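A.B. asks: Give me coordinates for this.
(one chain, ligands or ions: 1)
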Amino acid sequence: MTGEPVWRPAVLATATGDGRVRCDLCPHACVLADGEIGECRVRRNSGGRLETATFTTTVAHLDAVERKPFFHVRPGSQVLTAAGPGCSFRCNYCVNHRLSQYGRPGGSSDFAGDPAQPSTLVSQAADAGAAIGLSYAEPSLAPELTLALAGLAAPRGVPVLWKTNGFLTAAAIDLVAPVLTAVNVDVKAATDAAHRRLTGAPLAPVLDAIERFRAAGVWVEVCTPLIPGVSDAPAEARAIAANLAAIDPAVPWHLVRFTPDFRMRRPDPTPPAVLARAAADGREAGLTFVYVERALGDQGRATYCPACGVVLVDRTLWASRENHLVDGRCPGCGLAIPGRWA
Ligand code: SF4
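C.D. replies: Below you'll find the predicted structure:
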């Protein structure tokens, strides 16, 4: 299909009594008159009913779980990734902007996707021994698809994962947390002002979401892209690390190398020295598991036992090479390592 995505009834809607509908999915809290479309461009009021365009997917392919990235979730396994359109953020450097910025200048206005087929996606994942992942655009805009996939995936033992900006209301988290095994949340800035500049949205709901997902038993990892001249100042990385350490020192923190894309073509890729310094700052702030996927070699990607220093999981650029854990424990000293290892 090309052109318009399919529009389907959406959850988390409150009628305001005057024909308008408030969307309760994300903290933008759009109140939409009939025919109006939300800030995300993928939820709308159609005749007093909230609808979503995210029950449409454009890709479905198998990938290593390490690419999402999840380093403490089933190392060496695969994920069948699906993506619909849309995002509640407007990051100028988004590598998936054609999909995520659907309906906005620079994004796609001609969505080449098909109505999602949850049973087909779940069968594909189950047959491959893979998890299902929603990624590339913003999965939190697709609770309807997430719930439909999870309803079929749970009986077949297929985990459901999100790579998300974490910009959800408490009600939305409570709706999806019971069916999610793990989420990787982007924390893109240390202060509210910097976060608004980068994304167009406040920071506090993202940190609240990390805590709420964790309290609900969802495994959480965090990514922070370090953008030269924008978010790579030492103080910025230290403050983000301190925020995460205050939530839980064992939250895995992935430092992501920026590469020029979309409206941010000027900065060069993040220098390895900047990533190395931020990783050291993260550890100094108390974080136990700090990772750099690219730029620092295998050492930046390996998981080490925090007690005895043994290598627990050894990784290549986009996959696990060897997993030495024994039932989630260090083979050297027996320490239980936090994660979802089976
Ligand atoms: S999900 Fe979209 S429509 Fe709903 S509140 Fe957020 S931006 Fe607005």
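A.B. asks: which ones are touching the residue in the stretch 51-200 of the chain that the ligand sits nearest to?
C.D. replies: Closest to the ligand within the stretch 51-200 of the chain is Ser88: 4.9 Å, counting by CB to the nearest ligand atom. (Glycine included, C-beta is placed from N, CA and C.) Contacts for Ser88 (CB atoms under 8 Å, 6 or more residues apart in numbering) come out as Cys26, His28, Glu39, Cys40, Glu138, Ser140, Leu141, Asn165, Phe167, Ala201.
A.B. asks: quick one: which of these has the most company?
C.D. replies: Among the contacts of Ser88, the one with the most neighbours (other CB atoms under 10 Å) is Leu141, at 32 neighbours.
A.B. asks: so what's that residue scoring on pLDDT?
C.D. replies: pLDDT recorded at Leu141 is 96.
A.B. asks: quick revisit: export the contacts of Ser88 as JSON lines, with columns for secondary structure.
C.D. replies: Shown next, in JSON lines, are those (DSSP: H, G, I helix; E, B strand; the rest coil):
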{"residue": "Cys26", "secondary structure": "coil"}
{"residue": "His28", "secondary structure": "coil"}
{"residue": "Glu39", "secondary structure": "coil"}
{"residue": "Cys40", "secondary structure": "coil"}
{"residue": "Glu138", "secondary structure": "coil"}
{"residue": "Ser140", "secondary structure": "helix"}
{"residue": "Leu141", "secondary structure": "helix"}
{"residue": "Asn165", "secondary structure": "coil"}
{"residue": "Phe167", "secondary structure": "coil"}
{"residue": "Ala201", "secondary structure": "coil"}
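A.B. asks: now, which of the residues you listed lie close to the ligand?
C.D. replies: Contacts with the ligand within the contacts of Ser88, as defined by CB under 6 Å from any ligand atom: Cys26, His28, Glu39, Cys40, Leu141.
A.B. asks: Test for you: state the pLDDT assigned to the fourth one.
C.D. replies: Predicted confidence (pLDDT) for Cys40: 92.
A.B. asks: Hmm, it is touching His28, no?
C.D. replies: Yes. Counting by CB atoms under 8 Å, Cys40 does reach His28; the two are 7.4 Å apart.
A.B. asks: for the ligand, what are the nearby residues on this structure?
C.D. replies: Within the chain, the residues that sit near the ligand (CB under 6 Å from any ligand atom) are Cys23, Leu25, Cys26, His28, Ala29, Cys30, Gly38, Glu39, Cys40, Arg43, Ser88, Leu141.
A.B. asks: so can I have JSON lines of the residues you listed showing distance to Trp219?
C.D. replies: As requested, those are exported to JSON lines (distance: CB to CB, whole Å):
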{"residue": "Cys23", "distance to Trp219": "28"}
{"residue": "Leu25", "distance to Trp219": "22"}
{"residue": "Cys26", "distance to Trp219": "22"}
{"residue": "His28", "distance to Trp219": "27"}
{"residue": "Ala29", "distance to Trp219": "28"}
{"residue": "Cys30", "distance to Trp219": "30"}
{"residue": "Gly38", "distance to Trp219": "29"}
{"residue": "Glu39", "distance to Trp219": "29"}
{"residue": "Cys40", "distance to Trp219": "26"}
{"residue": "Arg43", "distance to Trp219": "27"}
{"residue": "Ser88", "distance to Trp219": "22"}
{"residue": "Leu141", "distance to Trp219": "21"}
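A.B. asks: where does the stretch 1-150 of the chain have low pLDDT?
C.D. replies: Within the stretch 1-150 of the chain, the ranges that satisfy pLDDT under 70 run 1-3, 91-95, 97-98, 100-101, 104-112.
A.B. asks: one more time with 50
C.D. replies: Along the stretch 1-150 of the chain, the parts satisfying pLDDT under 50 run over 1.
A.B. asks: quick one: secondary structure of Arg41?
C.D. replies: coil.
A.B. asks: How many neighbouring residues does it have?
C.D. replies: Arg41 has 20 nearby residues by other CB under 10 Å.
A.B. asks: Isn't it up against Leu99?
C.D. replies: No. Arg41 lies out of contact with Leu99 (CB under 8 Å); the separation is 11.7 Å.
A.B. asks: Pull the contacting residues for Tyr136.
C.D. replies: Tyr136 is in contact with Val59, Thr81, Ala83, Asn96, Leu99, Ser100, Lys163, counting by CB under 8 Å, 6+ apart.
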